[in-house]
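Novice: Quick one: sequence plus predicted model below, questions after.
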Amino acid sequence: MSCQNLWILDILKINIFNMKKWMVFGISLVLVIFLANLVPALRINEVDSNPEGFDAKNEWVELYSESEIDLEGWRIENSDQQSKELEGVFQGYIIINFSTQWLDNSEESLSLYEGDILKDSITSFQDSYNDNRTWQYCDGDWSFLDSSKNEKNDCEEEEDNNNSQENNNTTEPKKEKISVELEKIEEDIQNGEDFEIDALAFNLEDKEYDIRLYVYDEDGNVISEIYDNKEEKWKSGSYFITEFFQGPGNQTETAKLRIRENYADFKGEASIRVRIRASGTSPIIAERAYSIDILEKKEDTATKDGTKEENTTEEQSDESENIAPGPRLSESTGNVIKLGKRETAKESAEETGEGGEILYESGNEKIKKYSMYGLNLILIVIIIFLLISFKKKQNQD
């Protein structure tokens, strides 16, 4: 075989070897892609941060996985860095509920972690509408649509809305719904103390609006009062404060509340509700409710010190019925008066005059005084009788 033929064979061997390497690489790449597809793709799929009615216990997050996945080691985190550990095994959709208000209605974010590794997130979303609409994942983006809880997200609805808007440029834009919410609500409200809450109204028209803001117990009893700045007085939570908001647009006002005096002993779970109406009308156009806790009224230290001074006469009278801690000098005579019950103090004041002279003796004091004289007289008579008897006996002997 010639040298030229050997050279050609060597080239063929090298090419065949390179082809085998590329085949192995290609097969390995396909396997990697295939195995990667077998790994469960868990994602945040839908979020309702502002459901109708109460937020607490009604907010939810929906997760989605095409294949079965164990949630052990997974967690979600909100913008306040509060975490909720996940658990369970599922495939498809799973709803994560919260026992308290966990999601804010503005500038909220959610992150999904496996251990310390960030797997998915939704950032800077807001929902001020208090209705059935939710934020839903649609092909890599997020859309605000009618809820599709535990079902496939209806992303076609967003496409239809966009197409309809493009085909009807002359159509007036849809009027946003008026809504209301509360901010700066303390989780624990102290009974016996005033507290302030910010009321936020959205999409108001160019008119004035009244507000009713009140705390109520589980039986529906209104247990709070609200301060009317215009009338400068406290009102029952059963009444509206007129002309509280002035539209148009979004407005924020601060209200001051307190628990009513006849509910001073109330403590435990309660709710706070806000309602607004157009001034001069009666229909409620927006409302919202939240769960709160009322703490037991603190013992009023002012009652022991400052407030006590305002009721000196009454409290000193009450104290005079008890044993006093010790004697004090009479302001009029300089004599020591031992404080006991009210009657005793009164008798002492009436009995003693200038220089200690007795001006008056009560019936009890007279009985005590003369009973001692009588007893002494009886003892003297008995002694005389015994002496006479003893002397007679000696004479007889």
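Specialist: Nice, thanks for sending it over. Numbers count the residues shown, from 1 in each chain.
Novice: Sketch out the helices for this protein, chain order is fine.
Specialist: Listed in chain order, the helices of the chain (DSSP state H) span 3-38, 155-167, 301-304, 306-310, 312-319, 342-351, 363-396.
Novice: What number of residues are in the vicinity of residue 79?
Specialist: By other C-beta atoms under 10 Å, 16 other residues sit near residue 79. From N, CA and C alone the C-beta is placed, and that goes for glycine too.
Novice: For it, give me its contacts.
Specialist: With contact taken as C-beta atoms under 8 Å, 6 or more residues apart in numbering, residue 79 is in contact with 104, 107, 108, 109.
Novice: for residue 103, same thing?
Specialist: Residues in contact with residue 103, defined by C-beta under 8 Å, 6+ apart, are 47, 49, 50, 55, 59, 61, 78, 110.
Novice: do you know how far residue 217 is from residue 89?
Specialist: Using C-beta to C-beta, to the nearest Å, we find residue 217 at a distance of 41 Å from residue 89.
Novice: Those two: who's more crowded?
Specialist: A direct count of neighbours by other C-beta under 10 Å for residue 217 and residue 89 places residue 217 higher, at 15 against 10.
Novice: my read: the more buried one touches residue 270, true?
Specialist: Yes - using C-beta atoms under 8 Å, residue 217 is in contact with residue 270, at 5.5 Å.
Novice: Check the burial of the closest residue to residue 194 other than its chain neighbours by counting its neighbours.
Specialist: Leaving aside its sequence neighbours, residue 194 sits nearest to residue 258 (C-beta to C-beta, 6 or more residues apart in numbering; 4.8 Å). Counted with other C-beta under 10 Å, residues neighbouring residue 258 total 19.
Novice: same question, residue 132
Specialist: For residue 132, the neighbour count with other C-beta under 10 Å is 12.
Novice: what do you get for the one 3 residues further on?
Specialist: Around residue 135 sit 23 other residues, with neighbours defined as other C-beta under 10 Å.
Novice: Identify the residue nearest it in space, chain neighbours excluded?
Specialist: residue 47 (4.6 Å).
Novice: which residues sit in contact with that neighbour?
Specialist: For residue 47, the contact set (C-beta under 8 Å, 6+ apart) comprises 60, 61, 62, 103, 110, 122, 125, 134, 135.
Novice: again, but for residue 293
Specialist: Residue 293 touches 187, 188, 189, 268, 269, 270, counting by C-beta under 8 Å, 6+ apart.
Novice: so the closest residue to the fifth one other than its chain neighbours bridges to which residues?
Specialist: What it means is residue 269. The shortest distance from residue 269 to any non-neighbouring residue, by C-beta to C-beta, 6+ apart, is to residue 293 (6.0 Å). Residue 293 has these beta-bridge partners by DSSP bridges: residue 188, residue 269.
Novice: Residue 48 reaches residue 145, doesn't it?
Specialist: No - using C-beta under 8 Å, residue 48 makes no contact with residue 145, being 11.2 Å away.
Novice: any residues in contact with both of those two?
Specialist: Common contacts of residue 48 and residue 145 (C-beta under 8 Å, 6+ apart): residue 134.
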